[in-house]
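**Q** Task: produce atomic coordinates for the following.
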Amino acid sequence: MITWENAIKDLKIHLRIERAMSVHTLDAYLSDIQRYKVFGQETLLLTSPTQIVQEQIEQFLYFLIEDCFLSERTLARNVASIRTFHQFLLAEKYTTFDPTEHIESPKFTQKLPIVLNMPEIEALFAAIDLQKPAGIRNRAMLELLYSSGLRVSELTNLTYNHLHLTEGFVRVLGKGNRERLVPVGDYAVQYLQRYWAEVRAAKMPQRGFENHVFLNPSGKSFSRISIFNLVKKLCVLAGIEKNVSPHTFRHSFATHLVEGGADLRAVQEMLGHESITTTEIYTHLDSEHLRVVFTQFHPRK
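**A** So this is what the prediction gives:
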């Protein structure tokens, strides 16, 4: 009978190597499973995850809701983590049954993403001080985030061999190490070239970061929290009161493409979504866009 520790160790190898799970997703799953293990050992007094049954999993989920106050979305991820864990144990023949087979994920209302309109995008870019080298760098980063809909991790890990500015594309290494080609807009190309000529070429990188496009003051790649803080600061300067994060640029990129009539499959490919269902959230249109469309096309406007 496999112990909790050995089962989690084997699961980690499986998720990292065979499933090619990203570092952030892997950390989240393992954090969920560690809490599950503690509950199994200390509350249920089980020495192995193969001993657990459906009713005990439901007891654990109730604990997450009542004692841990998890949001619906985080609870859903915990269910996914536990289900992955037990499916792995079954596939590896550590057990003969899957206790999560009849466990349902919580149903929750999908919230529409926060999106910046074009005046807000322009105001935020205008708040960047281009008289400073850091400002040129910041403008290049945010132009690229909006121009190509990159995730923050994709931006911070971007290397120069991924840029094909002459052709107008950037090669992105996304979730699960899946590569995709995404077009780059003219403004992003302009500021990327300016950043390289005026700032990056004179920057001394730390060892291991020689090929990274964007470097922090220490000569290393940016952290996600650094980009988050930068966006928050610029929103204050621009007078934008929406709850904006770096991911808002990705939402805005996709929404503006869909509102402009872009094919949803093309947007899916540019975003790197596995499922078209994930991309469909961007088919929402704000009331102003609906009013413009109605005024332009309705015969009795």
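
**Q** give me the low-pLDDT residue ranges for the stretch 101-250 of the chain?
**A** Where the stretch 101-250 of the chain drops to pLDDT under 70, the residues are 106-111.

**Q** all strands for it, in order.
**A** Taking DSSP state E, counting those that start in this stretch to define them, one finds strands in the stretch 101-250 of the chain at 163-164, 169-173, 179-183.

**Q** Can I get those in a markdown table including distance to Ser226 and mean neighbour count?
**A** Heads up, the C-betas are built off the backbone N, CA and C, glycines and all. Output for these, formatted as a markdown table (distance: least, CB to CB, whole Å; neighbours: other CB atoms under 10 Å):
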| stretch | distance to Ser226 | mean neighbour count |
| --- | --- | --- |
| strand 163-164 | 21 | 16 |
| strand 169-173 | 20 | 19 |
| strand 179-183 | 23 | 15 |
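
**Q** closest to Leu215 out of those strands?
**A** Nearest of those to Leu215, taken as CB to CB: strand 163-164 at 14.6 Å.

**Q** which secondary structure elements does the helix or strand where Arg73 lies contact?
**A** Using DSSP states H and E, Arg73 sits within helix 72-91. Contact here means 3 or more CB pairs under 8 Å, 6 or more residues apart in numbering; DSSP states H and E; on that basis helix 72-91 packs against helix 4-13, helix 23-38, helix 54-66.

**Q** what's the angle from it to helix 23-38?
**A** With axes from the mean of the first three to the mean of the last three CA atoms, to 10 degrees applied, the angle from helix 72-91 to helix 23-38 works out at 80 degrees.

**Q** avg pLDDT for helix 72-91?
**A** Mean pLDDT, computed over helix 72-91, is 92.

**Q** Check stretch 263-279 too.
**A** pLDDT averaged over stretch 263-279 gives 87.

**Q** Do me a favour and get the end-to-end distance for that stretch?
**A** From its first residue to its last, stretch 263-279 covers 11 Å (CA to CA, to the nearest Å).

**Q** Give the buried residues for that stretch.
**A** Neighbour-count burial for stretch 263-279 flags 267-268, 270-273, 279 (criterion: 16 or more other CB atoms under 10 Å).

**Q** How far off centre is that stretch?
**A** Put simply, stretch 263-279 sits 14 Å off its chain's centre (CA atoms, centre = their mean, to the nearest Å).

**Q** And the contacts of it?
**A** For stretch 263-279, the external contacting residues (CB atoms under 8 Å, 6 or more residues apart in numbering) are 148-149, 172, 174-175, 178, 180, 182-183, 250, 254, 257-258, 280, 282-283.

**Q** can we see that at 7 Å?
**A** Contacts of stretch 263-279 with the rest of the structure, by CB atoms under 7 Å, 6 or more residues apart in numbering, involve 149, 172, 174-175, 178, 180, 182, 254, 257-258, 280, 282-283.

**Q** any idea how far Glu58 is from the closest residue to Tyr146 other than its chain neighbours?
**A** Leaving out its chain neighbours, the residue that sits closest to Tyr146 by CB to CB, 6 or more residues apart in numbering is Phe249, at 4.4 Å. Distance, Phe249 to Glu58, by CB to CB, to the nearest Å: 40 Å.

**Q** now Ser223
**A** Distance check for Ser223 against Glu58: by CB to CB, it reads 38 Å.

**Q** CSV for the helices and strands packed on helix 72-91, including distance to Lys93, mean neighbour count and mean pLDDT?
**A** Below are the helices and strands packed on helix 72-91 laid out as CSV (distance: least, CB to CB, whole Å; neighbours: other CB atoms under 10 Å; pLDDT from 0 to 100):
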stretch, distance to Lys93, mean neighbour count, mean pLDDT
helix 4-13, 12, 15, 95
helix 23-38, 19, 16, 93
helix 54-66, 20, 14, 87
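
**Q** Between those, which one is closest to Pro217.
**A** Closest to Pro217 of these is helix 23-38 (CB to CB; 23.8 Å).

**Q** Give me the helices and strands touching the closest one, please.
**A** helix 4-13, helix 72-91 (3 or more CB pairs under 7 Å, 6 or more residues apart in numbering; DSSP states H and E).
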